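Asker: below are the sequence and a predicted model for it; my questions follow.
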Amino acid sequence: MSEDRGKYFTTGEFANLCNVKKKTLFHYDEIGLLSPEFRNEKGYRFYTFQQYGVYTVIELLKTLGMPLKEIKSFLQDKTPDELNSLLARKSKELEKKRIELSRVQKIIDTKISQIELALATDFSKIVLKNEEALPLYLSPSLLDCSDRAFVKILSAFSKDIEHLGLNKGNPIGALIAMPQLDTEDYENYEYLYIEADSSYSERPVFIRPAGLYVTAYHIGDEATIGKTYTRIKKYFRKNNLKIKGNAYEEYVLDEVAVQSIDQYVTKIQVEVERLD
């Protein structure tokens, strides 16, 4: 800065200090939001360092979603108490947004992990292995319900999951009880479910027991899922196994990731035990 104008910034210098384009300062001046301290006889604008503090508050409030018109009104009538109250409100709003963004990030990370696992999985293979206990949040019973009732329960269950904060990106699954497995009534679900956090205590959860499970994958429409259960039962006979508990179905790939229902992939897990 030249000495003849003291500790003042030209528009270019002040824009550089604020890391902003000069046209932004021109705009703020035009709308009366932040005008230069003075103009010389040639019309050149000059700013003070104190105005940098005002600029930072403007940008802070902009970042918090406050329109320029409201910022202008606030700055014209500001007091320390009003600034403190405003920032306290905005802090609470930011915390809510942070929590929501954290939830969305968790959903995205879960989806990424699921897709990566699906891409690395051979869907033609049937696998037998021990699984850990898993807490599941259940819908009301669906057993023998009509199609209309199913749609109603699914809708209510989805809203319930969102309200309780249980949507962490895991798919909604379907539990098929042993009697329906025995009678090959595979589309007659006992419950819908979603994996619940182990610390969740809002309502009692069902614990899928730890133990031995057969895992198989069905590709295509659920209407043809009986073919995959037939494969599973052949696997039982070949490996001297019998059904011990429920079956659990959930999509691995659905309309989010594939083009048509013929490409859907459903993971089926059945609790089993070895025959004596």
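Answerer: That came through fine.

Asker: verify the stated contact: Asn130 with Leu212.
Answerer: Yes - shown here, Asn130 and Leu212 form a contact pair, counting by Cβ atoms under 8 Å, at 5.7 Å. Quick note: C-beta positions are derived from backbone N, CA and C, even for glycine.

Asker: please state the offset of stretch 42-59 from the chain centre?
Answerer: 41 Å (Cα atoms, centre = their mean, to the nearest Å).

Asker: please apply the same query to stretch 86-93.
Answerer: With Cα atoms, centre = their mean, you get 24 Å for stretch 86-93.

Asker: same question for stretch 85-104.
Answerer: 17 Å.

Asker: the chain should start at 365 in everything you say after this.
Answerer: Noted, 365 is the first residue going forward, which turns the last one into stretch 449-468.

Asker: could I get it in CSV with only the CA atoms?
Answerer: Taking C-alpha atoms only, stretch 449-468 is exported to CSV below (Å, rounded to 0.1, in the frame of the first residue of the first chain):
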residue,chain,number,x,y,z
SER,A,449,-28.1,-15.7,19.7
LEU,A,450,-27.8,-16.0,16.0
LEU,A,451,-24.6,-18.0,16.1
ALA,A,452,-26.0,-20.3,18.9
ARG,A,453,-29.0,-21.1,16.7
LYS,A,454,-26.8,-21.7,13.7
SER,A,455,-24.6,-24.0,15.8
LYS,A,456,-27.6,-26.2,16.7
GLU,A,457,-28.6,-26.3,13.0
LEU,A,458,-25.1,-27.3,12.0
GLU,A,459,-25.1,-30.1,14.6
LYS,A,460,-28.3,-31.5,13.2
LYS,A,461,-26.8,-31.3,9.7
ARG,A,462,-23.6,-33.0,10.9
ILE,A,463,-25.6,-35.9,12.4
GLU,A,464,-27.7,-36.3,9.2
LEU,A,465,-24.5,-36.1,7.0
SER,A,466,-22.9,-38.7,9.2
ARG,A,467,-25.9,-41.0,8.8
VAL,A,468,-25.8,-40.5,5.0
